[in-house]
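Trainee: Okay, predicted coordinates and the sequence, questions at the end:
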2 protein chains.
Amino acid sequence: MVAGAMVADAFRPGAPEPAPRFTGLPRLNFVYGHNDPEQIPARELAECAAKVLAESGHLLGMYNLGQAPQGHDRLRAFVAEKVGRRSGIACTAADVLLTSGSLQAMDLVNALFVGPGDTVILEEFTYGGAITKVERLGARVIGAPLDGGGIVVPELRRILESLRQEGVRPRYIYTIPTVQNPTGTIMDLGRRRELVALAREFGVPIFEDECYADLVWSGERPPALYSLDPDNVVHIGSFSKSLAPALRIGYVVAPWNVLGRLVALKTDAGSGALEQMVVAEYVCRDYDRHVDELRAGLGRKLDVLVEALEQEFGTAAELFRPEGGIFLWLKLPDSVDVRTFAPTALDQGLAFNPGPDWACDPEAAKSHLRLCFALPPEATIREGVAELARICFQHTGVPARSANRLRA
Amino acid sequence: MVAGAMVADAFRPGAPEPAPRFTGLPRLNFVYGHNDPEQIPARELAECAAKVLAESGHLLGMYNLGQAPQGHDRLRAFVAEKVGRRSGIACTAADVLLTSGSLQAMDLVNALFVGPGDTVILEEFTYGGAITKVERLGARVIGAPLDGGGIVVPELRRILESLRQEGVRPRYIYTIPTVQNPTGTIMDLGRRRELVALAREFGVPIFEDECYADLVWSGERPPALYSLDPDNVVHIGSFSKSLAPALRIGYVVAPWNVLGRLVALKTDAGSGALEQMVVAEYVCRDYDRHVDELRAGLGRKLDVLVEALEQEFGTAAELFRPEGGIFLWLKLPDSVDVRTFAPTALDQGLAFNPGPDWACDPEAAKSHLRLCFALPPEATIREGVAELARICFQHTGVPARSANRLRA
């Protein structure tokens, strides 16, 4: 009998298969939102940890350090100040809920808005986890078309009108307006105003995800959607991309009518307080300097990636050069289906995100893929792109030409 | 218009009301599983944090430090070794999943086993969160009778037989066999064997919660249920009670057929890695010494609590003196309904857990209450018990006599 066979007999219908056993990270790793280990301020975090634990480690004896279930006071105050300064959001610590990464924030927002049979609108290409989470809740996903400036508002209007005719009011419009995942675009202020007005016209809340917003190359970005209509937008963000993904600290900004309900739904006895204490100390000292340096380093890696892709793929790859962040979205010719070689690539130690996993309509992204460039060193980026071209060519005949040489 | 009024219009049916605004902890605080702040090894944790961050802080740049989604390798190895040595469980790190507190472990187990319309068996008096979590999932809760040795097995058999006649197979039997919450009892080995055999006979998995098991006064405890039948038991535990509640580190021990599915359901991109790194370093150095000291300190606080209760309530209170842990369960005369004065007590800064919140049948525990004694200093314990007696008397006439003086 298989170990656990007895208990297995009692699983719920629809229980997932066991996850694959972890066998280590792929050698040429362009997936997940890993960051650059060289850019983790380990020494400074060590100083901060030693300081806060020596000063107030005894508070760990109380859930939430004896503070509000919303999370660490000082870190919430920092978030309020940061989103005010960087995203134009007028709020205080009372409007902030700290979560165990922005994925918990997403789960909580979904728990408040989305159930079986509901409809949600996502961007046609978007974070894969946003799709799978709502699908797992039994909701229908509709993709809003994107262009180089984000959601195409007239197209979204047509979708909303069509749904209204069906008698359907979508639960929310999920958008990543500032460094869109995966396309890397930034929605300008004019379009933000149109989007917010449209959502209000149809009575559909906006769910705004700003995980990458502090990593814009130019340092300039339009105000958050939340700042334009706080009554109809729920705003989430994270320190995963701007500091460290293994630190699980995300946040929600919303008025109490929403936030208080998310607090009520957050039945986890609080998120990890040590991480909050340490990050609070660190970001109050050094956040702006850190993200400036991180951004510069990421920009250099992007340059290396783009150069390598141009060399290996030439005109065969259409690159959507991002305006910030940690990933690049690209499109191969329509004849290429990246799913045909993704498993082989993984077997050979090369991991990328196939476009279909990042698309409401998988077929529409069969020739796309996403490359996260933050983790690999520059030499590994070059090696990975060469390997990608080699494997892609083997399976699809594309790219026929690399570095001005014909492949064979 | 109320802030957030627009978005609120789109909530799911059944969305909770906003949580009450946090206004600080009650002054005389006998609720939650807070621990003794004096017993938090803050200085040692500071050393450990400084060390692990200096050595491997750069790994925070990768989700899960680049390790398995199951959590920090060294901490999983420690858990496997600890439950082997202390609970008689034969397992390895591969059988351990680290979670964001044992509450996430509970959510994951529920996601695998429990859905709307299902039936689960809990202990008649049990952790309130275990009840509310399954009720929120739309499941029916049935309470198994307890005595001084835990679940009364013949009574459980009658319940299982009756359910079988209805055609109902319960999803699991949830039990806290080692320092039961709230009754503080330890199930002996003979009864453990009977329980495991009964569960197997009826094809119902056991969900074993060992959050308090390392805090047994005597240091001796029977082997975990999991060790007796790993094929039909899912085992969870935590460092919240034995180290610090604000550190959110729990764990599940189960064969891969179960554990791998919990990993698949854990879509949070990992639990906080900094807490895992620091705790791994600390517990590998000092766990046994720490829990010995903590236990001794908690035992002294329990003595103070019992003495104060005997002085203030005399024979009016039936005390269920726990065999370990951080709380005491007590019963007042049947004429007393603790709900009649709990809100007044809270208004006056005295918080306790009314029995009904910790019972499958709230009416059956209307005269009971739970007091957590780990947080308040000894003088506060005495003051709190005096205040409890005063307020209880005001509302119920009980205790009529305190410290050999008639109340009036």
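Mentor: Everything's here; your move.
Trainee: Helices of the stretch 301-408 of chain A, start to end?
Mentor: Using DSSP state H, counting those that start in this stretch, the helices of the stretch 301-408 of chain A run over A:342-347, A:378-396.
Trainee: Same question for chain A.
Mentor: Using DSSP state H, the helices of chain A run over residues A:5-8, A:42-56, A:73-87, A:101-113, A:128-136, A:153-166, A:189-201, A:225-228, A:256-265, A:273-313, A:342-347, A:378-396.
Trainee: so how far is the fifth one from its chain's centroid?
Mentor: A distance of 12 Å separates the centroid of the chain from that of helix A:128-136, by CA atoms, centre = their mean, to the nearest Å.
Trainee: That one versus helix B:101-113: what angle between them?
Mentor: When axes from the mean of the first three to the mean of the last three CA atoms, to 10 degrees is applied, the directions of helix A:128-136 and helix B:101-113 differ by 50 degrees.
Trainee: what sits against residue A:88?
Mentor: A:222, A:223, A:224, A:227 (CB atoms under 8 Å, 6 or more residues apart in numbering or on different chains). Where C-beta positions appear, they are placed from N, C-alpha and C, glycine not excepted.
Trainee: Among the residues you listed, find me the one that's closest to chain B.
Mentor: Taking CB to the nearest CB as the measure, residue A:227 is the one of the contacts of residue A:88 closest to chain B, at 13.7 Å.
Trainee: Could you find the closest non-adjacent residue to the closest one?
Mentor: residue A:88 (4.1 Å; CB to CB, 6 or more residues apart in numbering or on different chains).
Trainee: So, low pLDDT: which residues of chain A?
Mentor: Counting by pLDDT under 70, chain A has low-confidence residues at A:1-6, A:8, A:408.
Trainee: can I see the domain layout of it?
Mentor: Per automatic domain parsing, the domain ranges recorded for chain A read A:23-40+A:289-406, A:42-286.
Trainee: how far does the first one stretch from start to finish?
Mentor: In this case it means domain A:23-40+A:289-406. End-to-end distance of domain A:23-40+A:289-406 (CA to CA, to the nearest Å): 36 Å.
Trainee: how about it, does it reach chain B?
Mentor: Yes - interface with chain B: domain A:23-40+A:289-406 contributes A:25, A:32, A:33, A:34, A:35, A:36, A:37, A:38, A:39, A:40, A:374, A:375 (CB under 8 Å from any CB of the partner chain).
Trainee: before we move on, the earlier item: now the helices of chain A as JSON lines including mean neighbour count?
Mentor: Formatted as JSON lines, the helices of chain A follow (neighbours: other CB atoms under 10 Å in any protein chain shown):
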{"stretch": "helix A:5-8", "mean neighbour count": "20"}
{"stretch": "helix A:42-56", "mean neighbour count": "20"}
{"stretch": "helix A:73-87", "mean neighbour count": "20"}
{"stretch": "helix A:101-113", "mean neighbour count": "24"}
{"stretch": "helix A:128-136", "mean neighbour count": "18"}
{"stretch": "helix A:153-166", "mean neighbour count": "15"}
{"stretch": "helix A:189-201", "mean neighbour count": "18"}
{"stretch": "helix A:225-228", "mean neighbour count": "24"}
{"stretch": "helix A:256-265", "mean neighbour count": "22"}
{"stretch": "helix A:273-313", "mean neighbour count": "20"}
{"stretch": "helix A:342-347", "mean neighbour count": "16"}
{"stretch": "helix A:378-396", "mean neighbour count": "19"}
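Trainee: Output these as a markdown table; include the columns distance to residue B:251.
Mentor: Output for these, formatted as a markdown table (distance: least, CB to CB, whole Å):
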| stretch | distance to residue B:251 |
| --- | --- |
| helix A:5-8 | 17 |
| helix A:42-56 | 23 |
| helix A:73-87 | 26 |
| helix A:101-113 | 19 |
| helix A:128-136 | 24 |
| helix A:153-166 | 44 |
| helix A:189-201 | 43 |
| helix A:225-228 | 37 |
| helix A:256-265 | 24 |
| helix A:273-313 | 17 |
| helix A:342-347 | 29 |
| helix A:378-396 | 34 |
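Trainee: Any idea which of the ones you listed gets closest to residue B:327?
Mentor: helix A:273-313 (21.4 Å; CB to CB).
Trainee: Show me which residues of the stretch 151-300 of chain A are close to chain B?
Mentor: Residues of the stretch 151-300 of chain A found near chain B (CB under 8 Å from any CB) are A:169, A:171-172, A:200, A:203-205, A:230-234, A:240, A:244-248, A:254-261, A:263-265, A:267-275, A:278.
Trainee: Quickly note the distance from the closest residue to chain B within the stretch 251-400 of chain A to residue A:70.
Mentor: Among the residues of the stretch 251-400 of chain A, residue A:260 lies closest to chain B, at 2.4 Å counting by CB to the nearest CB. In this view, residue A:260 and residue A:70 are 9 Å apart by CB to CB, to the nearest Å.
Trainee: Please apply the same query to residue A:175.
Mentor: 25 Å.
Trainee: who's in contact with the residue nearest to residue A:344 when sequence neighbours are not counted?
Mentor: The spatial neighbour of residue A:344 that comes closest, neighbours along the chain excluded (CB to CB, 6+ apart), is residue A:391 at 6.1 Å. Taking CB under 8 Å, 6+ apart, we find residue A:391 in contact with A:341, A:344, A:345, A:348, A:350.
Trainee: now those residues as TSV including distance to residue A:99?
Mentor: What follows is these, written out as TSV (distance: CB to CB, whole Å):
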residue	distance to residue A:99
A:341	37
A:344	37
A:345	34
A:348	37
A:350	33
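Trainee: and of these, the nearest to residue B:380?
Mentor: residue A:350 (60.7 Å).
Trainee: my guess is the closest one contacts residue A:387, does it?
Mentor: Yes - using CB atoms under 8 Å as the test, residue A:350 is close enough to residue A:387 to be in contact (5.0 Å).
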